[in-house]
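Participant: Fold the following and give me the result.
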Amino acid sequence: MALAAREYSERLLPDGIPDKDTKDVPFLTISPQREDGLRRIIGLIDAELHAYLEPYMAKYSAPGMLNPDDATPITDPEPDSGADADADADTGPGADADAESDDDARAGAADDDDESDDDDESDDDARAGTDEHGDGDGVPGDREPPAPESPEQQARRDTAAARDTRPAGKRRHDALKFVLRTALMSGKFGTHRGIPVSVVITTTLADLDKHSGYVRTGGGTRLTRDDLRRMASHSDNYLVVFDEHTRKPLYLGRTRRTASPEQRYVLHGLDRGCTFPGCTGTAYYSEAHHRIDDWADGGNSDADAFAFACPKHHRLHGTEPHQFRTSVAPPEHPQSGRTLWHHNTADPTMSHGRVNHAHHPEEYLLTT
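Facilitator: As a prediction, this is how the structure comes out:
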């Protein structure tokens with residue numbers, strides 16, 4: 001009855017509910033990281049986003065796929081014989097169609113294909129027109145059909161599915177992680193803040209030698225050593241290692257005005273985010289700014305001349321009375337080498353500046 005009611009509603013409103021009549025808007029909220037490393041996701045997604053998710057979830061959240069408990073997880077079971085279409089009805093995010101209706105839909109699609117033989121040439125032209133880059137990426141029909149699955153492959157897939165004890169929600173989680181990781185490794189997302197869109201992980205040489213402690217991403221996420229080892233098997237992450245107490249600058253002099261990608265990686269480990277006191281903006285959202293002398297004033301573009309500042313606080317750096325100036329903490333300072341922010345109205349002889357501890361919570365701990 002529920003499916004019939006939905007069908008009736010769709011026929012009454014063939015164009016859907018107008019956006020102006022929709023009370024809720026799509027959103028996605030990710031909570032702060034918990035002590036156990038997990039985060040809670042709350043949100044509403046629109047039909048378009050769900051349409052993109054459906055094919056990935058149908059494939060990669062199937063039982064036996066991407067099981068982290070397997071020595072060699074299965075990542076691509078295709079070609080699929082279709083024999084297990086009804087093995088798990090809950091492989092998509094909120095899947096609500098049964099295998100029989102899926103079979104009917106596929107049969108209908110096949111009938112449509114049979115009736116459209118005369119339009120093959122125009123279909124090819126249409127497909128070519130949708131590929132603006134001319135490389136055929138992601139265009140159905142441009143790929144060779146897969147080879148038939150061998151009995152050994154089928155047996156391995158069946159065995160993996162039989163021993164997969166993960167609930168459907170966990171399989172969807174693992175599928176989404178795989179899809180996002182694969183997308184990042186494609187290298188097709190350009191750059192952000194001067195470096196490739198990628199996972200940037202920082203740690204210290206001392207922690208690396210001790211095989212202890214946490215590592216952090218440019219977004220402030222805390223990862224365990226096991227997380228690091230697992231992610232290290234994928235080459236498109238950036239691991240930046242620093243000495244425990246010293247900063248190792250990359251000197252470029254005045255060869256360029258902006259920070260190089262290598263210098264930005266250094267800042268990921270040194271500043272971890274915006275250096276303005278109290279700001280929690282992470283490294284992924286921060287810009288590299290000259291913390292001593294601006295380029296226009298003769299400042300160099302050495303690595304130790306830069307500091308991270310989020311766009312909001314980067315605009316507060318300047319010579320106006322309401323703005324701030326920055327300097328480097330001297331050797332006798334508890335946070336030697338860090339960036340100090342001074343309000344321009346403060347007496348230079350009395351103001352010692354402030355550092356940002358938000359990204360360095362260990363500085364609040366007593367050390368012996």
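Participant: Need the nearest residue in space to residue 286, chain neighbours excluded.
Facilitator: The shortest distance from residue 286 to any non-neighbouring residue, by CB to CB, 6 or more residues apart in numbering, is to residue 308 (3.9 Å). The way it works is simple: take the backbone N, C-alpha and C, and place the C-beta from them, glycine included.
Participant: contacting residues for the one you found?
Facilitator: Taking CB atoms under 8 Å, 6 or more residues apart in numbering as the criterion, residue 308 is in contact with 267, 271, 272, 273, 274, 275, 283, 286, 287, 288, 289.
Participant: Is it correct that the third one is in contact with residue 283?
Facilitator: This points to residue 272. Yes: taking contacts as CB atoms under 8 Å, residue 272 lies within contact range of residue 283: 5.8 Å.
Participant: shared neighbours, these two?
Facilitator: Both residue 272 and residue 283 are contacted by 220, 308, under the criterion CB under 8 Å, 6+ apart.
Participant: Pick out whichever of the two has more residues nearby.
Facilitator: In terms of neighbours (other CB atoms under 10 Å), residue 283 is the more surrounded of residue 272 and residue 283; the figures are 27 against 21.
Participant: mind checking pLDDT for residue 170?
Facilitator: Residue 170 is assigned 96 on the pLDDT scale.
Participant: Likewise for residue 197?
Facilitator: According to the predicted model, the pLDDT of residue 197 comes to 85.
Participant: One more: residue 27?
Facilitator: The confidence metric pLDDT takes the value 95 at residue 27.
Participant: Run a quick neighbour tally on it.
Facilitator: Neighbour count for residue 27, taken as other CB under 10 Å: 9.
Participant: so how far is residue 44 from it?
Facilitator: For residue 27, the distance to residue 44 equals 6 Å [CB to CB, to the nearest Å].
Participant: Mind telling me what element residue 342 is part of?
Facilitator: When elements are defined using DSSP states H and E, residue 342 is found to belong to strand 339-343.
Participant: List the buried residues of that strand.
Facilitator: Taking 16 or more other CB atoms under 10 Å as the basis for neighbour counts, the residues of strand 339-343 that come out buried are 339, 340, 341, 342.
Participant: Start and end of stretch 315-329, how far apart?
Facilitator: 21 Å (CA to CA, to the nearest Å).
Participant: list the buried ones in the strand or helix carrying residue 177?
Facilitator: For residue 177, the host element (DSSP H and E) is helix 168-185. Buried residues in helix 168-185, counting neighbours by 16+ other CB under 10 Å, are found at 168, 171, 172, 174, 175, 176, 178, 179, 184.
Participant: Give me the below-cutoff pLDDT ranges for the stretch 251-368 of the chain.
Facilitator: Applying pLDDT under 70 to the stretch 251-368 of the chain flags residues 251-259, 293-303, 348-350, 366-368.
Participant: 90 instead, please
Facilitator: In the predicted model of the stretch 251-368 of the chain, residues 251-270, 288-306, 318-319, 330-331, 333-337, 344-353, 360-368 satisfy pLDDT under 90.
Participant: Mind jotting down where the helices sit in it?
Facilitator: Secondary structure of the stretch 251-368 of the chain by DSSP state H, counting those that start in this stretch: the helices cover 261-270, 311-314.
Participant: now the ones you listed in a markdown table, with distance to residue 70?
Facilitator: Output for the helices of the stretch 251-368 of the chain, formatted as a markdown table (distance: least, CB to CB, whole Å):
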| stretch | distance to residue 70 |
| --- | --- |
| helix 261-270 | 33 |
| helix 311-314 | 44 |
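Participant: show me the contacts for the residue nearest to residue 156 when sequence neighbours are not counted.
Facilitator: Using CB to CB, 6+ apart and skipping residues adjacent in sequence, the residue nearest residue 156 is residue 74, 7.2 Å away. Contacts here follow CB under 8 Å, 6+ apart; on that basis residue 74 touches 64, 65, 66, 67, 156, 157, 160.
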